[in-house]
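K.L.:
the amino acid sequence is not available; the structure is as follows:
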(Lines give C-alpha, C1' and ligand atoms only; values in the text may rest on other atoms or scores of the structure.)
Protein backbone atom coordinates (compact mmCIF):
# COMPACT_ATOMS: atom_id res chain seq x y z
CA UNK A 1 0.00 0.00 0.00
CA UNK A 2 1.10 3.54 -0.68
CA UNK A 3 -0.17 6.82 0.70
CA UNK A 4 -0.76 9.45 -1.97
CA UNK A 5 -1.18 13.14 -1.14
CA UNK A 6 -3.33 15.23 -3.46
CA UNK A 7 -2.32 18.89 -3.60
CA UNK A 8 -4.72 21.15 -5.46
CA UNK A 9 -3.33 24.43 -6.79
CA UNK A 10 -6.56 26.35 -6.33
CA UNK A 11 -8.31 27.73 -3.28
CA UNK A 12 -11.67 28.31 -4.96
CA UNK A 13 -14.38 26.13 -3.41
CA UNK A 14 -15.77 25.13 -6.82
CA UNK A 15 -12.42 25.01 -8.60
CA UNK A 16 -12.07 22.94 -11.74
CA UNK A 17 -8.77 21.60 -10.40
CA UNK A 18 -10.49 20.19 -7.31
CA UNK A 19 -13.31 18.70 -9.37
CA UNK A 20 -10.81 17.05 -11.70
CA UNK A 21 -8.81 15.75 -8.74
CA UNK A 22 -12.03 14.28 -7.33
CA UNK A 23 -12.40 12.38 -10.61
CA UNK A 24 -8.81 11.12 -10.55
CA UNK A 25 -8.81 9.75 -6.99
CA UNK A 26 -11.10 6.76 -7.73
CA UNK A 27 -8.76 5.70 -10.57
CA UNK A 28 -6.09 4.54 -8.09
CA UNK A 29 -5.96 0.87 -7.09
CA UNK A 30 -7.98 0.07 -3.96
CA UNK A 31 -4.87 -0.64 -1.90
CA UNK A 32 -3.68 2.94 -2.35
CA UNK A 33 -4.71 5.46 0.28
CA UNK A 34 -5.34 8.80 -1.42
CA UNK A 35 -5.83 11.91 0.71
CA UNK A 36 -6.35 15.57 -0.08
CA UNK A 37 -3.89 17.70 1.87
CA UNK A 38 -5.09 21.27 2.25
CA UNK A 39 -2.54 24.02 1.65
CA UNK A 40 -4.63 27.19 1.78
CA UNK A 41 -4.04 27.91 5.46
CA UNK A 42 -0.24 27.83 5.25
CA UNK A 43 1.22 31.27 6.08
CA UNK A 44 3.60 32.57 3.44
CA UNK A 45 7.00 31.03 3.89
CA UNK A 46 9.48 33.14 5.82
CA UNK A 47 12.90 31.71 6.68
CA UNK A 48 12.98 33.79 9.87
CA UNK A 49 10.32 31.47 11.34
CA UNK A 50 12.56 28.43 11.03
CA UNK A 51 15.77 30.20 12.05
CA UNK A 52 14.12 31.50 15.23
CA UNK A 53 12.36 28.19 16.04
CA UNK A 54 9.10 30.08 15.71
CA UNK A 55 7.49 28.36 12.73
CA UNK A 56 3.69 28.62 12.60
CA UNK A 57 1.84 25.54 13.84
CA UNK A 58 0.43 25.08 10.33
CA UNK A 59 3.95 24.43 9.04
CA UNK A 60 4.50 21.57 11.50
CA UNK A 61 1.11 20.00 10.75
CA UNK A 62 1.74 20.16 7.00
CA UNK A 63 5.33 18.94 7.18
CA UNK A 64 4.39 16.02 9.43
CA UNK A 65 1.45 15.03 7.23
CA UNK A 66 3.57 15.13 4.08
CA UNK A 67 6.43 13.15 5.67
CA UNK A 68 3.97 10.25 6.00
CA UNK A 69 3.05 10.37 2.32
CA UNK A 70 4.76 8.16 -0.25
CA UNK A 71 3.93 10.20 -3.36
CA UNK A 72 2.13 13.34 -4.54
CA UNK A 73 -0.53 14.02 -7.16
CA UNK A 74 -0.55 17.69 -8.15
CA UNK A 75 -3.67 19.01 -9.89
CA UNK A 76 -3.43 22.66 -10.77
CA UNK A 77 -4.71 25.55 -12.77
CA UNK A 78 -2.43 28.11 -14.34
CA UNK A 79 -2.02 31.63 -12.97
CA UNK A 80 -0.36 34.12 -15.31
CA UNK A 81 1.44 31.36 -17.25
CA UNK A 82 2.86 29.79 -14.07
CA UNK A 83 1.88 27.80 -11.02
CA UNK A 84 -0.45 29.33 -8.44
CA UNK A 85 1.18 31.05 -5.46
CA UNK A 86 -0.56 28.77 -2.96
CA UNK A 87 1.09 25.73 -4.52
CA UNK A 88 4.54 27.34 -4.69
CA UNK A 89 4.19 28.37 -1.05
CA UNK A 90 3.39 24.78 -0.02
CA UNK A 91 6.46 23.57 -1.89
CA UNK A 92 8.60 26.19 -0.17
CA UNK A 93 7.23 25.38 3.32
CA UNK A 94 7.90 21.68 2.76
CA UNK A 95 11.42 22.21 1.44
CA UNK A 96 12.66 23.99 4.56
CA UNK A 97 14.49 24.21 6.86
CA UNK A 98 17.36 23.61 4.48
CA UNK A 99 18.39 19.96 4.47
CA UNK A 100 15.05 18.75 5.88
CA UNK A 101 12.91 18.73 2.75
CA UNK A 102 9.81 16.55 2.99
CA UNK A 103 9.77 16.23 -0.80
CA UNK A 104 13.08 14.45 -1.36
CA UNK A 105 12.61 11.28 -3.40
CA UNK A 106 8.79 11.31 -3.39
CA UNK A 107 7.35 10.33 -6.78
CA UNK A 108 4.99 12.89 -8.30
CA UNK A 109 2.62 13.42 -11.18
CA UNK A 110 1.34 16.74 -12.49
CA UNK A 111 -2.08 17.27 -14.02
CA UNK A 112 -2.73 20.81 -15.22
CA UNK A 113 -5.97 22.23 -16.51
CA UNK A 114 -7.26 25.47 -17.88
CA UNK A 115 -10.50 26.95 -19.09
CA UNK A 116 -8.74 27.79 -22.36
CA UNK A 117 -6.86 25.88 -25.01
CA UNK A 118 -3.36 26.10 -23.53
CA UNK A 119 -4.27 23.52 -20.85
CA UNK A 120 -2.12 24.93 -18.07
CA UNK A 121 1.06 24.24 -20.03
CA UNK A 122 3.01 27.00 -18.25
CA UNK A 123 1.93 25.87 -14.79
CA UNK A 124 2.74 22.26 -15.61
CA UNK A 125 6.26 23.02 -16.77
CA UNK A 126 7.09 25.55 -14.07
CA UNK A 127 5.90 23.06 -11.46
CA UNK A 128 8.03 20.33 -13.02
CA UNK A 129 11.06 22.66 -12.83
CA UNK A 130 10.55 23.14 -9.09
CA UNK A 131 9.97 19.41 -8.53
CA UNK A 132 13.24 18.63 -10.30
CA UNK A 133 15.10 20.89 -7.88
CA UNK A 134 13.28 19.23 -4.95
CA UNK A 135 14.52 15.82 -6.18
CA UNK A 136 11.06 14.45 -6.88
CA UNK A 137 10.89 11.88 -9.68
CA UNK A 138 8.02 12.98 -11.92
CA UNK A 139 5.96 11.03 -14.43
CA UNK A 140 7.34 12.23 -17.76
CA UNK A 141 4.94 10.51 -20.15
CA UNK A 142 2.10 10.82 -20.58
CA UNK A 143 2.01 14.53 -19.88
CA UNK A 144 -1.38 15.56 -18.51
CA UNK A 145 -2.80 18.82 -19.83
CA UNK A 146 -6.57 19.30 -19.83
CA UNK A 147 -8.01 22.10 -21.97
CA UNK A 148 -11.46 23.69 -21.79
CA UNK A 149 -12.00 22.18 -18.34
CA UNK A 150 -15.54 23.52 -17.77
CA UNK A 151 -16.73 21.51 -20.77
CA UNK A 152 -15.15 18.31 -19.41
CA UNK A 153 -17.44 18.31 -16.37
CA UNK A 154 -21.16 17.64 -16.07
CA UNK A 155 -23.45 19.39 -13.56
CA UNK A 156 -22.41 16.99 -10.78
CA UNK A 157 -18.68 17.58 -11.38
CA UNK A 158 -18.04 14.26 -13.11
CA UNK A 159 -15.88 14.09 -16.22
CA UNK A 160 -18.31 13.53 -19.08
CA UNK A 161 -15.84 12.36 -21.74
CA UNK A 162 -14.90 8.64 -21.62
CA UNK A 163 -11.69 9.28 -23.59
CA UNK A 164 -10.53 11.79 -20.96
CA UNK A 165 -11.30 9.31 -18.17
CA UNK A 166 -9.33 6.61 -20.02
CA UNK A 167 -6.44 9.03 -20.54
CA UNK A 168 -6.41 9.90 -16.83
CA UNK A 169 -6.47 6.18 -16.00
CA UNK A 170 -3.33 5.79 -18.12
CA UNK A 171 -1.73 8.68 -16.22
CA UNK A 172 -2.60 7.08 -12.86
CA UNK A 173 -1.38 3.64 -13.99
CA UNK A 174 1.94 5.14 -15.06
CA UNK A 175 2.20 7.00 -11.75
CA UNK A 176 1.51 3.78 -9.81
CA UNK A 177 4.37 2.08 -11.69
CA UNK A 178 6.69 4.96 -10.78
CA UNK A 179 5.66 4.71 -7.13
CA UNK A 180 6.33 0.95 -7.13
CA UNK A 181 9.84 1.54 -8.49
CA UNK A 182 10.64 4.02 -5.73
CA UNK A 183 9.05 2.02 -2.91
CA UNK A 184 10.96 -1.14 -3.86
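P.N.:
Here it is on my side, so go on. On a predicted model such as this, the values are computed, not experimentally measured, just so you know.

K.L.:
ok, residue 106 touching residue 136?
P.N.:
Yes. Counting by CB atoms under 8 Å, residue 136 is a contact partner of residue 106 at 5.4 Å. For the C-beta atoms, the positions are set from N, CA and C on the backbone; glycine is no exception.

K.L.:
shared neighbours, these two?
P.N.:
residue 72 (CB atoms under 8 Å, 6 or more residues apart in numbering).

K.L.:
do a quick rundown of the helices in this protein.
P.N.:
In the chain, the segments counted as helices under DSSP state H are 16-24, 47-51, 57-67, 85-95, 121-133, 149-152, 162-183.

K.L.:
ok, residue 3 to residue 29 distance?
P.N.:
The gap separating residue 3 from residue 29 is 13 Å, by CB to CB, to the nearest Å.

K.L.:
same question for residue 179.
P.N.:
For residue 179, the distance to residue 29 - CB to CB - is 10 Å.

K.L.:
who's more crowded, these two?
P.N.:
Each of residue 179 and residue 29 has its neighbours counted (other CB atoms under 10 Å); residue 179 has more, 23 against 11.

K.L.:
contacting residues around that one?
P.N.:
2, 4, 70, 71, 107.

K.L.:
quick one: distance of the helix or strand of the chain with the lowest mean pLDDT to the chain centre.
P.N.:
Here the helix or strand of the chain ranked lowest by mean pLDDT, DSSP states H and E is helix 47-51, holding a mean of 92. Relative to the chain's own centre, helix 47-51 is displaced by 25 Å; criterion: CA atoms, centre = their mean, to the nearest Å.

K.L.:
if we look at it, which residues are touching it?
P.N.:
Here helix 47-51 has contacts from 54, 55, 56, 59, 96, 97, using CB under 8 Å, 6+ apart.

K.L.:
buried ones in that helix?
P.N.:
Neighbour-count burial for helix 47-51 flags 49, 50 (criterion: 16 or more other CB atoms under 10 Å).
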